[in-house]
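# What shape does this take:
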Amino acid sequence: MRNMSRSLKEQTPLYMFVAILFLVGVVFGALIVSALTLDQQQDLADYLGNFFTTVDQQGLPAAPESFWSIAVLHLKWIGLIWVLGLSVIGLPGILVLDFLKGLLIGFTVGTLVSQYSWDGLLFALVSVAPHNLVVIPVILVCSAAAIGFSLLMIRSRVTARRSVPIGRPFATYTMLSLAMAVVLLGVASFETYVTPAMMGWVTPLLVK
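Numbers count the residues shown, from 1 in each chain. All right, here's what the predicted structure looks like:
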């Protein structure tokens, strides 16, 4: 735990970098919504209308299957970041994932707001925001740790110093990723059993 705490402090510039990259992705995602053609906007409106009608009439059941599908999705994201951090060539991939995460969130929220105005924003606040308040920091922390470890690998190869210690940084990096994975399991529980109920409260406003 002491090593992880020290690592978090040392990697503050990396956290700032990945956070800015994520925010750029959010902005781009929102801009993409305004760049859609009228036909694309109509297709999105039809899809969302059918989705909200289904949710309003049938609801979203909280089931163990839903939990595992959500959990696996989160764990795959963290696992991919961890794997990319182990290789030098994986460094750009980590940056792409952070940008893509922001892009998806920006596009989702932007679409809801453009189609349903304040009601869409309210739906985004109960369906997108709560779990992402935890998921996003987890992804950014894992990304910064992965970039830091990847840079360490690069330095060890460039300087050709075999004495560069890798074992302890690798253990710290792996333990941090496992800890974040456990946090995401808790987030998956929230998405499975709490988020559907919150969505059910707001959905009638969108199908009125």
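# Where does the prediction get shaky in the protein?
Regions of the chain meeting the criterion pLDDT under 70 cover residues 1-10, 59-64, 158-164, 208.
# in the longest helix seen in the chain, what counts as buried?
Longest helix in the chain by number of residues (criterion: DSSP state H): helix 91-127. Residues of helix 91-127 classed as buried: 91, 93-94, 97-99, 101-103, 105-116, 119-120, 122-124, 126-127 (neighbour count, 16 or more other Cβ atoms under 10 Å). (Each C-beta comes from the backbone N, C-alpha and C, glycine too.)
# Name the next helix or strand following the helix or strand hosting residue 48 along the chain.
Assigned by DSSP states H and E, residue 48 belongs to helix 38-58. Downstream of helix 38-58, the next assigned helix or strand under DSSP H and E is helix 64-85.
# now for the helix holding residue 48, which elements pack on it?
helix 91-127, helix 195-206 (3 or more Cβ pairs under 8 Å, 6 or more residues apart in numbering; DSSP states H and E).
# which of the residues in the shortest one are buried?
Across helix 195-206, burial judged by 16+ other Cβ under 10 Å covers 195-196, 199, 202-203, 206.
# then it to PDB, C-alphas only?
C-alpha atoms of helix 195-206 as PDB (Å, rounded to 0.1, in the frame of the first residue of the first chain):
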ATOM      1  CA  THR A 195     -29.400   2.500 -12.000                       C
ATOM      2  CA  PRO A 196     -32.400   0.700 -13.500                       C
ATOM      3  CA  ALA A 197     -34.700   2.000 -10.800                       C
ATOM      4  CA  MET A 198     -33.400   5.500 -11.200                       C
ATOM      5  CA  MET A 199     -33.900   5.300 -15.000                       C
ATOM      6  CA  GLY A 200     -37.400   4.100 -14.400                       C
ATOM      7  CA  TRP A 201     -38.200   7.300 -12.400                       C
ATOM      8  CA  VAL A 202     -37.100   9.600 -15.200                       C
ATOM      9  CA  THR A 203     -38.200   7.600 -18.300                       C
ATOM     10  CA  PRO A 204     -41.900   8.700 -18.100                       C
ATOM     11  CA  LEU A 205     -40.700  12.300 -18.700                       C
ATOM     12  CA  LEU A 206     -39.200  11.200 -22.000                       C
END
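# I appreciate the help and will end here.
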